[in-house]
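Undergrad: just need the structure, nothing else, for what follows:
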Amino acid sequence: MRLMGFELKKLYLRLPVIIALAVFTVLDIVKIYATVEDVSYLREDSVWERVYWEQYENFSGEITAEKIERLLDMYKPLEAAVNDLTATTRNDVEGTLTGNVYSDKNLLERFFVDPMERFYTYSGDAARVVSAAEENVRLYERLGNTYEARKNAAIARLYSGRRVTRFYYTEGYRLYLNYDFSTVLILLLVLYPLSQSLTRDSECSMTELMLTSQRGGAASSFAKALAATAYILTLSLWFSAVDFGAFAVFSNITDAGRLPLYAAETFREASVGVTLYTYCAMSALGRALGFWALGMVFFALGRLGRRALTPFAAGAGVFVLLTLAGVRWGHSSNALLKAVNPYCTLVNRLLFARTEFVNILGFPVPAWKAGFAFTSALGASAGALGVYLGGGRTGGRGRRYGAI
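TA: Below you'll find the model as predicted:
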């Protein structure tokens, strides 16, 4: 534990790392603010923002027939006037919400009518998926295709009972769930300190002195791996918390957190039925797992080099290759290619947004479970290899020199 404490000090208590962490945190917050300001339709139009939150109080919460009728009473005349080309283009029309008929129609349609309709009809869409899956189960059982029968049975169980009964503002979650900028910041903060920590002993010939110590081989290498693990997990979870907190402040995402994940527009076919709050926690843990696995790969590479630039370049090269593979096959229908790529645990909406399975010994395993399992195995294997290389390379020579 003392060795681990020393290694943590070497990772955390360095002025460049502290400065970089502070600067990147501020940069992340500024980027989130800019994203909300530039992309959010409400932020682009102050009138829309004011009107939306005024009407939000009337329609948020439990979806009822009375709310739907009241919303349609407001929307239908606007839709008819716009479609008939009889609506005036004046911006000072009395009785309108924003002063303009077209603006009223677009605002209500985008932020109230379309999402409420999507929520209200989701249970019927899910029921049709269940019905089709159950029919497929019977078909594949007759054909003797056991795997497809099992897969469709899993789909039927997953979609059974799905429904969205409450209406809340979800644009903030759409922005948050597609935000990846902090992933690059974490990578830089993982690569640089690890490459420095792992090779500094070699650069200053400290490894030769460590050969004379009983704790200079495998124990020291194991302490480095534990310290790197703590550093990576803390760093990843920190930025996940910053991301969520910043979006909660700049774009109201607190109300919608109680909605199921499939209420989000891009997660209609989500492979889990948890709430948005729960998914945010799962996503943060999944990203931390992915960075840990990559960090252990960097750790193993670092045990092979004597200069900081070598593992840094090698680690960056590995990440670039995984990123290119993720971009190339991340949206394909081949779930296996996603599951075996740690990049997809960093951008884990690629694993959660669609209901996909990996065939493992004839059993359908959800792609996100397979991806997390493979990434865990990769991280454990790379970490063990790094410890072995660090301990094995010095252990024998340590005995030759005579450990004290």
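Undergrad: for Val137, what are its contacts?
TA: Neighbouring residues of Val137 by C-beta atoms under 8 Å, 6 or more residues apart in numbering: 149, 152-153, 156. To be clear about C-beta, it is placed using only N, CA and C from the backbone, and glycine gets the same treatment.
Undergrad: and it, how far is that from Val365?
TA: Val137 is 18 Å from Val365, where distance means C-beta to C-beta, to the nearest Å.
Undergrad: stretch 20-40 - what's its average pLDDT?
TA: For stretch 20-40, mean pLDDT is 92.
Undergrad: so what touches it?
TA: Residues outside stretch 20-40 that contact it (C-beta under 8 Å, 6+ apart): 43, 171-172, 175, 179, 181-182, 185, 188-189, 192, 235, 238-239, 242-243, 246-247, 250-251.
Undergrad: give me the buried entries from those.
TA: 43, 171-172, 175, 179, 182, 185, 189, 192, 235, 238-239, 242-243, 246-247, 250-251 (16 or more other C-beta atoms under 10 Å).
Undergrad: return the subset of the contacts of stretch 20-40 lying in helices.
TA: Residues of the contacts of stretch 20-40 located in helices (DSSP state H): 43, 171-172, 175, 181-182, 185, 188-189, 192, 235, 238-239, 242-243, 246-247, 250.
Undergrad: still on that earlier bit, which of the contacts of Val137 sit farthest apart?
TA: The most widely separated members of the contacts of Val137, counting by C-beta to C-beta, are Ala149 and Ala156 (10.7 Å).
Undergrad: show me where the stretch 251-400 of the chain has its strands.
TA: In the stretch 251-400 of the chain, the segments counted as strands under DSSP state E, counting those that start in this stretch are 357-360, 363-366.
Undergrad: could you do the stretch 1-150 of the chain as well?
TA: For the stretch 1-150 of the chain, strands defined by DSSP E, counting those that start in this stretch occupy the ranges 61-62.
Undergrad: any regions of it where pLDDT drops low?
TA: Where the stretch 1-150 of the chain drops to pLDDT under 70, the residues are 1-13, 44-45.
Undergrad: now with 90, please.
TA: For the stretch 1-150 of the chain, applying pLDDT under 90 flags the ranges 1-18, 20, 37-50, 81-100.
Undergrad: helices of the stretch 51-200 of the chain, start to end?
TA: Taking DSSP state H, counting those that start in this stretch as the criterion, the stretch 51-200 of the chain carries its helices at 65-83, 101-108, 114-143, 146-159, 171-177, 181-203.
Undergrad: name the helices or strands packed onto the fourth one?
TA: Secondary-structure packing of helix 146-159 (3 or more C-beta pairs under 8 Å, 6 or more residues apart in numbering; DSSP states H and E): helix 114-143, strand 357-360, strand 363-366.
Undergrad: can you list those in JSON lines and add distance to Gly383?
TA: Below are the helices and strands packed on helix 146-159 laid out as JSON lines (distance: least, C-beta to C-beta, whole Å):
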{"stretch": "helix 114-143", "distance to Gly383": "40"}
{"stretch": "strand 357-360", "distance to Gly383": "24"}
{"stretch": "strand 363-366", "distance to Gly383": "24"}
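Undergrad: so which of these is nearest Leu378?
TA: Closest to Leu378 of the helices and strands packed on helix 146-159, according to C-beta to C-beta: strand 357-360, at 15.3 Å.
Undergrad: what comes up buried for the closest one?
TA: Judged by neighbour count using 16+ other C-beta under 10 Å, the buried positions of strand 357-360 are 357-358.
Undergrad: so that it lines up with my notes, have the first residue be 18 from now on.
TA: With 18 as the first residue, the last one maps to strand 374-377.
Undergrad: partner strands of that strand, parallel or antiparallel?
TA: Strands adjacent to strand 374-377 in the sheet, as given by DSSP bridges, are strand 380-383 (antiparallel).
Undergrad: tell me which residues in the partner strand are buried?
TA: Those would be 381-383, for strand 380-383 by 16+ other C-beta under 10 Å.
Undergrad: same check on stretch 305-323?
TA: Going by neighbour count (16+ other C-beta under 10 Å), the buried part of stretch 305-323 is 305-320, 322.
Undergrad: tally of neighbours for Ile85?
TA: Ile85: 16 surrounding residues under other C-beta atoms under 10 Å.
Undergrad: low-scoring pLDDT stretches of the stretch 168-317 of the chain, where are they?
TA: By pLDDT under 90, the low-scoring segments of the stretch 168-317 of the chain are 187-189, 191, 204-248, 268-273, 282-283, 312-317.
Undergrad: list the residues that contact Val335.
TA: Taking C-beta under 8 Å, 6+ apart, we find Val335 in contact with 311, 314-315, 318.
Undergrad: next one: Val118
TA: 95, 98-99, 104-106, 110.
Undergrad: and if you look at Thr340?
TA: Taking C-beta under 8 Å, 6+ apart, we find Thr340 in contact with Tyr360.
Undergrad: that one and Asp260: what is the separation?
TA: 19 Å.
Undergrad: residue boundaries of the helices in the stretch 268-417 of the chain?
TA: Using DSSP H, counting those that start in this stretch, helices in the stretch 268-417 of the chain cover 293-319, 326-346, 352-356, 360-363, 366-369, 384-418.
Undergrad: show me what the fifth one is in contact with.
TA: Contacts made with helix 366-369 from outside it, assessed by C-beta under 8 Å, 6+ apart, are listed as 194-195, 278, 283-284, 287-289, 296, 299-300, 303, 343, 347-348, 355-356, 361-362, 384-385, 388.
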